[in-house]
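Curious how this folds, go ahead:
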Amino acid sequence: MAATTHAEGEGAVPGRPSRALPLAHLLNLSVYWAGLNTVWAGLGFVVYPARLTATYGEAFAPSYVLLFETIPVLFAVLVQPTVATISDYTISRWGRRKPYIFIGAILDVVFLWGFAASNELLVMFAFIMLLQFSANFAQGPFQGYVPDLVPKEQVGLASGLMGVMIVIGQVTGAGIGALGLIALNASPFEQGTAAAGAFAQGAFFLPTIGLAIVEVVTMIPLVLFIREGRSAPSREGRSWTQIALSAWGTDILRERNYVWLLVSRLFFLMAPTLPLSLGIFYLRQSLGSSDELAGVQIFIIAGVVGVTTGLATLPAAKLSDRYGRKTMIYAGIAIGILGNIGVALAPGFEVALGALILVGISSGSFLAVDWALMTDIIPKATTGRYMGISAVATGLAGPLGRFIANPLLTLLIVIGLAAGLDPTTSADQSSFYATGPRLVILLGVVFLVISAWALRHVDERRRED
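Residues are numbered from 1 along each chain as shown. Reported below is the predicted structural model:
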């Protein structure tokens, strides 16, 4: 494979390259998204809820899942923009971005192994904190590649490919995680016991290591074959500490289009994470699925949503070149509202699956077009900084949505238990126990409306124009 390159002699000129890239190179710029999303989808969609439910019981598992998905992400929010900004000014034989991508991916393997091998809550939590550091150490610099290397005529295509890779990663991660869930169903131990927790740790050990292997496999061609091209801008006498702190400078607030788009992205992405990340609770509590059936259904949901999301990304990106980025994002928001309402009100799995197809189409449209719009409007000299900050909205979206939703879910379960209801009986599945996940998913409609409101304030014209 030939190396991807930038137009010769452009140096640190703050503009887009003009040389079109072959499709193979665009794919190589996108494939690491699949690896990163394999890890987080596998953990968030399956491993966290399944392991924590087995160890601590169904009533309190949502709160522990919330702990694992919020505090570590807040830590990661500080890492990604800071390291991305440092990479903007890095000079090395590998280029600006590669050293951080390589080191971060290798550390991910180490920390995933530590998480997989442990069964104490605080130890598992510590390894997830470290994993958030290393994964974002890699992802922050990686996000600078599209604005660095892709000409404006190919931004829509590159963004669509990114969306496809994200979906492939999510489906792969959910599928690998589901293997552990299937093994967990053979457990002879009662939930909430030490023996059940130990059994769950063993069931998910190899699947968790599998998530790490997928990430490394997708990292290798990126590091080997991408030539970064653009040289680093001058530090102008600033120390590396000053460069790191500049990631959080208030000058970024003057980029009003950028700030409003961040708000729109945050609230949009809070919506589809609700029916997906809470899938196990929704299937068990609202639809009455057994543990074994829920494992199969999660895999089906991941596949259907993944396929529809992937199929939507490239057409949406192409249509946004013709009709405008904001038009397509508004369309995605409207479709997402219909999908979330459908899932929340679904009387059975088949209807819920049909509504989740709409959620997938909405997510695919947004993933491709929002990324292209972000790439259009940011300053080009320090793309790592701006794309790193944008990832803050992406990283906070799921945890913030669940920070609002999970306590409600736990509260309804606890109220039901305190009232003497048995959540394992069908009669009680029409009460508190079944209502919680449905209310969680309906919150997504509110999030999507706020996203549309914020998008109204964004001027979608390209910065260079």
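
Off-centre distance for the helix or strand harbouring Val343?
In this assignment (DSSP states H and E), Val343 forms part of helix 325-345. Relative to the centre of its chain, helix 325-345 is centred 18 Å away, using Cα atoms, centre = their mean, to the nearest Å.

right, and the helix or strand after that helix?
Sequence-wise, the next helix or strand downstream of helix 325-345 (DSSP H and E) is helix 349-377.

Pull out the buried residues from the very next helix or strand once past that next one.
Using DSSP H and E, the next helix or strand after helix 349-377 towards the C-terminus is helix 383-418. For helix 383-418, a neighbour-count test (16 or more other Cβ atoms under 10 Å) marks 383-402, 404-406, 408-410, 412-413, 416-417 as buried. No exception for glycine: its C-beta is placed from N, CA and C like everyone else's.

Quick check: which helices or strands does the helix or strand that comes right after helix 383-418 pack against?
Next helix or strand after helix 383-418 toward the C-terminus (DSSP H and E): helix 432-455. Judged by 3 or more Cβ pairs under 8 Å, 6 or more residues apart in numbering; DSSP states H and E, the packing partners of helix 432-455 are helix 256-270, helix 273-277, helix 325-345, helix 383-418.

closest one to Asp148 among those?
With respect to Asp148, and counting by Cβ to Cβ, the nearest of these is helix 383-418 at 5.8 Å.

on contacts alone, who are the packing partners of the closest one?
Secondary-structure packing of helix 383-418 (3+ Cβ pairs under 8 Å, 6+ apart): helix 61-88, helix 121-142, helix 145-149, helix 256-270, helix 273-277, helix 349-377, helix 432-455.

Dump the second one to CSV, restricted to CA.
In this case it means helix 121-142. Extracted C-alpha coordinates of helix 121-142, given in CSV (Å, rounded to 0.1, in the frame of the first residue of the first chain):
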residue,chain,number,x,y,z
LEU,A,121,-15.0,-3.1,42.1
LEU,A,122,-12.3,-0.6,42.9
VAL,A,123,-9.6,-2.4,41.0
MET,A,124,-11.9,-2.7,37.9
PHE,A,125,-12.8,0.9,38.2
ALA,A,126,-9.1,1.9,38.4
PHE,A,127,-8.3,0.0,35.2
ILE,A,128,-11.2,1.7,33.4
MET,A,129,-9.8,5.1,34.5
LEU,A,130,-6.5,4.2,33.1
LEU,A,131,-8.1,2.8,29.9
GLN,A,132,-9.9,6.2,29.4
PHE,A,133,-6.5,7.9,29.7
SER,A,134,-4.8,5.7,27.2
ALA,A,135,-7.7,5.5,24.7
ASN,A,136,-8.1,9.3,24.6
PHE,A,137,-4.3,9.7,24.5
ALA,A,138,-4.6,8.0,21.1
GLN,A,139,-8.0,9.3,19.9
GLY,A,140,-7.3,13.0,20.4
PRO,A,141,-4.4,13.2,17.9
PHE,A,142,-6.1,10.7,15.6
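
how distant is that helix from the center of its chain?
With Cα atoms, centre = their mean, you get 14 Å for helix 121-142.

could you give the angle of that helix to helix 61-88?
Helix 121-142 and helix 61-88 are oriented at 30 degrees to each other (axes from the mean of the first three to the mean of the last three Cα atoms, to 10 degrees).

for Ile226, phi and psi?
Backbone torsions for Ile226, taken as degrees, to the nearest 10, come to phi -90, psi 120.

what about it, distance to Tyr32?
Distance from Ile226 to Tyr32, counting by Cβ to Cβ, to the nearest Å: 10 Å.

Neighbour count: the two, which is higher?
A side-by-side neighbour count of Ile226 and Tyr32, using other Cβ atoms under 10 Å, places Tyr32 first with 27 against 24.

Test my guess that the more buried one contacts Thr218.
Yes. Assessed by Cβ atoms under 8 Å, Tyr32 is found in contact with Thr218 at 5.0 Å.

Can you tell me what sits against stretch 181-199?
46, 50-51, 53-58, 119, 200, 203-204, 291-292, 294-295, 298 (Cβ atoms under 8 Å, 6 or more residues apart in numbering).

Which ones among those lie within strands?
Nothing among those maps onto strands, per DSSP state E.

Which PyMOL command selects the buried ones in the residues you listed?
Buried members of the contacts of stretch 181-199, defined by 16+ other Cβ under 10 Å, are picked up in PyMOL with:
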select buried, resi 46+50+51+53+54+55+56+58+119+200+203+204+291+294+295+298
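
Restricted to helices, list the contacts of stretch 181-199.
50-51, 53-56, 200, 203-204, 291-292, 294-295, 298 (DSSP state H).

In CSV, list those along with pLDDT and distance to Ala84.
Output for the ones in helices among the contacts of stretch 181-199, formatted as CSV (pLDDT from 0 to 100; distance: Cβ to Cβ, whole Å):
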residue, pLDDT, distance to Ala84
Ala50, 86, 33
Arg51, 90, 31
Thr53, 86, 35
Ala54, 85, 37
Thr55, 84, 36
Tyr56, 84, 36
Ala200, 87, 36
Ala203, 89, 36
Phe204, 92, 31
Asp291, 68, 41
Glu292, 71, 43
Ala294, 75, 38
Gly295, 70, 37
Ile298, 76, 33
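
nearest to Leu23, of these?
Nearest to Leu23 among the ones in helices among the contacts of stretch 181-199, counting by Cβ to Cβ, is Ile298 at 33.0 Å.

residues touching the spatially closest residue to that closest one that is not a sequence neighbour, list them.
Leaving aside its chain neighbours, Ile298 sits nearest to Gly279 (5.4 Å; criterion: Cβ to Cβ, 6 or more residues apart in numbering). Gly279 makes contact with Phe45, Ala294, Gln297, Ile298, Ile301, according to Cβ under 8 Å, 6+ apart.

Run a quick neighbour tally on the spatially closest residue to the first one that is not a sequence neighbour.
Counting by Cβ to Cβ, 6+ apart, the nearest residue to Phe45 once its immediate chain neighbours are dropped is Ala174, at 4.8 Å. Ala174 has 25 neighbouring residues, counting by other Cβ under 10 Å.

same deal with the one 10 residues further on?
As a burial measure, the neighbour count of Leu184 was computed by other Cβ under 10 Å and equals 22.

Just the pLDDT at it, thanks.
pLDDT, Leu184: 84.

How much space separates it from Phe199?
Distance, Leu184 to Phe199, using Cβ to Cβ: 7 Å.

try Asp148
Per Cβ to Cβ, Asp148 is found 47 Å from Phe199.

and the two? which has more neighbours close in?
Asp148 (23 against 20).

Go ahead and confirm that one touches Met387.
No. Using Cβ under 8 Å, Asp148 is not in contact with Met387; the gap is 9.6 Å.
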